[in-house]
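[1] After the sequence you'll find the predicted model.
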Amino acid sequence: MEIMVDKTGSGVRSSFNQAATLDRTVRARGIKSRLFRLAVIILTVISTAPLLFILFYIFRQGIHAINWHFLVNIPRPVGETGGGVANAILGTVLLILVASVVAIPLGILVGIYLSQVVTGRLAYWCRLSVDVLQGIPSIVIGILIYEWVVRPMGSFSSFSGSMTLALMMLPSIIKSTEETLKLVPGSLQEASLALGVPYYRTMMKVIVPAGMSGILAGVILSISRVIGETAPLLFTAFGNPYLNSNIFKPISSLPLLIFNYATSAYADWHQLAWGASMVLIVMILVLNLSTKLIQSRWKAQF
Amino acid sequence: MEGAVLNADGFNAYFGSNQILKDIRLEIRKNQVWAIMGPSGCGKTTFIRCINRMHELTPGARVGGSLTLDGEDIYAMNPVMLRRKVGMVFQRPNPFPTMSIYENVIAGYTLNNIRLTRSKKDEVVESSLKRAALWYEVRSALHQKGTFLSGGQQQRLCIARALAMNPEILLLDEPTSALDPMSTAKVEELLHELKTQYTILIVTHNMQQAARVSDKTAFFFLGEMIEQNDTKTIFTNPKNEKTQNYITGHFG
Amino acid sequence: MTHLDQELSKLKAETLKMWALVLKQLHKSRSALVQLDKDLAREVMNGEKRVNAFELKIDRDCEDIFALFTPVAVDLRLLLAVLKINTNLERTGDIADGIAQFVVDLPPNFDQKLLEISRVVEMFDQANLMVSDVMKAFEREDPIRARKTFKKDDLLDEINSLSTSVIADYLRMDVRLPQIEQALFIHSIIRRLERVGDQAKNMAEEIIFYSEANVVKHQHKKAGKDGSA
């Protein structure tokens, strides 16, 4: 009996001790959680800061250069003040336009194929090559296009630049189309097929529209990624100080112009480069923001 | 044989080397409501998917034996044309998310490039939604997206979409398994109303549903059709012991 | 109206039809007794087959509804009530048939005075009234009306309990064989009519059960005594 009482007594005491320990542990955990949360917030701010600094700096430098005159005129020869970047803006738009015409349909079709065929040898190799293509440095793509397009055609051209950009856009369009369409429920496809809708119409009228917001977002993101490409355009689009809308002639683009003018020795041209940088950044910002808008507005509910 | 809308005579279906359906014999007459019930994996969904040839979309699927719609061999028909004659409603409501309620109902026409005049479209939409007992709930919101409706309304919208094509037979694959009891009751009531005009085949693992909505019931087990009879007879006096065990819950 | 509601209202209509038929059987056998009309009595005996057919049909309908709809709550109670009322009606029909059988077997020169002193016709009317009252209560789902029939049973009990001494008095005056036979017939009929009253009360109880979910079986006798005291 005594032993039992003793045991019970110590049991009670030890459970008191346990409660105290438990209390301490809980408090320590609470402190740890708070520290962790603080660390996360600080790191997030730190990683956002460079972007804000960059934007701030470019805007400060570029805002003086920007005016109507800057947007609609071509650069003037050295020694003359003023002049604009109209040739580069037009060139960039044209390059992207032609690249999109090539890359978007092709990328979406391949994306549809990959989203439909999960297994299979062709799909496997296709997926692999898309991944590899994504990893190829842009300068390498540029030199390839130089070999394949510029040399046989005998001159630098806007067209060859567009091909370069198209090749770089392809993987991300394919990937985003594939991933988006994989999220479209298979039941939608069945619903359409069960209504007697042929397969290709089911794809084009039901499945692609259902994933449209994701596909569009992917397309725009891919554009915003290649719009700033410089290196591969050096041997393809080459650059052109005059306005040009012929896709088989050399053409300028904003990154090319920035590259050329920023490395020159004239303060006037430096100023033009800053202004062009700002135009480029604004373009990219608009593209990114419109992606967000499309995703929230056009999102299909399943 | 006369009057049989759907006739299965020694019908078999396979997945690779697996036989899913064995020697199914079933004759569905005009304006009958048939229920196929059975435990999961008994082949009931496969059977219904063979009728509109959705089964063959799965790689490795094969069929054998005879299956006819209005006397015509289903497997000799063009699947696209066949599916326009066979309405199908799925387990989960699947209205087209990019389309409004109105567009969903006539999707069978628009997606197939069948042109209708504006007034004909209105007529099809209204009559289909009325037949699906949804008209009075959605008529003021016809141009909103179908996906804003509740689950039960979405399922009735899918039924309206199928009815709009005036199918020879309406197939329903566990149409209420994703719905709450109230919506289920509404869909069942709808089926009860539809049976005067349509031939309906409903697959369900809920035998109470089979009991409530159908005139005839077939019991499938492990790919075989164990018993078929008037629903009343199946539920009051089944002839086969397996059927008895299934409906009384003494299975296995 | 849901599918189940449709089935239940069909069942109710069917039950009312059977009820009307049984009531007609009772009225006919009363007329046969009063007018000593053996043809009418035979008609009642023929009608019994229809009552039996009705009973089987309603039983089967109930079974189907149970099996197909698994009803609950008020629907379940209606079905249970109909199932029991069905049995009661069939028995009531049997009684009408039995009385008709007596009328057919009655000796030719029946003493009308016996009908008078035994109050059997009065009893018959009261029993028929009870059955038709309960029928109306069922038709209107009116438990108050159903409750009123319990009181009406008192007259049946009274005539029934008096009948032994009344018949004994009758026989004391004239104890010839035909008289004894006739007296026994009447006595039997009274016993049967008493049973009709019981069936009517049972059916009333089912109606109360169905509409109020209240089991009054085996309680109202006590309550009735308390009430009359």
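    Good, I have the coordinates. Numbering: from 1, shown residues only, chains lettered A, B, ... in the order given.
[2] What residues does the residue in the stretch 151-300 of chain A positioned nearest to chain C make contact with?
    Residue of the stretch 151-300 of chain A nearest chain C, by CB to the nearest CB: residue A:194 (27.0 Å). (Glycine included, C-beta is placed from N, CA and C.) For residue A:194, the contacting residues are B:52, B:54, B:83, B:86, B:87, B:88, B:90, B:162, by CB atoms under 8 Å, 6 or more residues apart in numbering or on different chains.
[3] Compute the number of surrounding residues for the nearest residue to the fourth one once chain neighbours are set aside.
    Here the nearest residue to residue B:86 in space, its sequence neighbours aside, is residue B:52; by CB to CB, 6 or more residues apart in numbering or on different chains that works out to 4.2 Å. Using other CB atoms under 10 Å in any protein chain shown, residue B:52 is surrounded by 25 other residues.
[4] Pretty sure residue B:52 sits against residue B:83.
    Yes - counting by CB atoms under 8 Å, residue B:83 is a contact partner of residue B:52 at 5.0 Å.
[5] The residue nearest to the spatial centre of chain A is in what secondary structure piece?
    By CA atoms, centre = their mean, chain A has its centre lying nearest to residue A:221, at 3.7 Å. For residue A:221, the element it lies in under DSSP states H and E is helix A:212-226.
[6] Tell me how far that helix lies from the chain's centre.
    7 Å (CA atoms, centre = their mean, to the nearest Å).
[7] following it, which helix or strand shows up next?
    With DSSP H and E, the next secondary element past helix A:212-226 is helix A:231-234.
[8] Tell me the helices and strands packed up against that following helix.
    Applying 3 or more CB pairs under 8 Å, 6 or more residues apart in numbering or on different chains; DSSP states H and E, one finds that helix A:231-234 contacts helix A:138-145, helix A:158-183, helix A:254-262.
[9] ok, residues contacting it?
    Contacts of helix A:231-234 (CB under 8 Å, 6+ apart): A:95, A:138-139, A:141-143, A:145, A:161, A:164-165, A:168, A:239, A:253, A:255-256, A:259.
[10] can we see that at 10 Å?
    A:91-92, A:95, A:137-146, A:156, A:158, A:160-165, A:167-168, A:226, A:239, A:251-253, A:255-256, A:259-260 (CB atoms under 10 Å, 6 or more residues apart in numbering or on different chains).
[11] Filter these down to just the buried residues.
    A:91-92, A:95, A:138, A:141-146, A:156, A:158, A:160-165, A:167-168, A:226, A:239, A:251-253, A:255-256, A:259-260 (16 or more other CB atoms under 10 Å in any protein chain shown).
[12] before we move on, the earlier item: rebuild the contacts of residue A:194 as CSV, extending it with pLDDT, distance to residue A:103 and secondary structure.
    CSV is the format used below for these (pLDDT from 0 to 100; distance: CB to CB, whole Å; DSSP: H, G, I helix; E, B strand; the rest coil):
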residue, pLDDT, distance to residue A:103, secondary structure
B:52, 90, 38, coil
B:54, 89, 35, coil
B:83, 92, 35, helix
B:86, 93, 41, strand
B:87, 93, 41, strand
B:88, 94, 38, strand
B:90, 92, 36, coil
B:162, 94, 39, helix
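[13] and residue C:95, how many neighbours?
    22.
[14] Closest residue of chain A to chain B?
    For chain A, CB to the nearest CB, closest residue to chain B: residue A:196, 3.4 Å.
[15] Could you pull up the contacting residues of that residue?
    B:52, B:78-87, B:108, B:111-112, B:114, B:165, B:167.
[16] Quick check: nearest residue in space to it, chain neighbours excluded?
    Leaving aside its sequence neighbours, residue A:196 is closest to residue B:84 (3.4 Å, by CB to CB, 6+ apart).
[17] How about residue C:211?
    Counting by CB to CB, 6+ apart, the residue nearest residue C:211 is residue C:143, at 4.7 Å.
[18] what residues does stretch B:136-143 touch?
    B:100-105, B:122, B:125-126, B:129-130, B:132, B:135, B:144, B:146, B:148-150, B:152-153, B:156-157, B:160, B:186.
[19] Can I get the helices and strands packed on helix A:231-234 in JSON lines including mean pLDDT and distance to residue A:202?
    JSON lines is the format used below for these (pLDDT from 0 to 100; distance: least, CB to CB, whole Å):
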{"stretch": "helix A:138-145", "mean pLDDT": "92", "distance to residue A:202": "35"}
{"stretch": "helix A:158-183", "mean pLDDT": "93", "distance to residue A:202": "12"}
{"stretch": "helix A:254-262", "mean pLDDT": "89", "distance to residue A:202": "41"}
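[20] pLDDT of stretch B:19-31, averaged?
    Per-residue pLDDT values over stretch B:19-31 give a mean of 92.
[21] correction: stretch B:232-251
    88.
[22] got it, and stretch B:182-198?
    88.
[23] quick revisit: could you export the helices and strands packed on helix A:231-234 as a markdown table, including distance to chain C?
    Formatted as a markdown table, the helices and strands packed on helix A:231-234 follow (distance: least, CB to the nearest CB, whole Å):
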| stretch | distance to chain C |
| --- | --- |
| helix A:138-145 | 68 |
| helix A:158-183 | 39 |
| helix A:254-262 | 70 |
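[24] Checking residue A:155 next. Helix, strand or coil?
    coil (DSSP: H, G, I helix; E, B strand; the rest coil).
[25] Let me see the backbone angles for it.
    In terms of degrees, to the nearest 10, the main-chain angles of residue A:155 are phi -160, psi 160.
[26] For it, list the residues it contacts.
    A:238, A:248, A:249, A:250.
[27] Could you find the closest non-adjacent residue to the second one?
    The one in question is residue A:248. Per CB to CB, 6+ apart, closest to residue A:248 is residue A:157, 4.8 Å.
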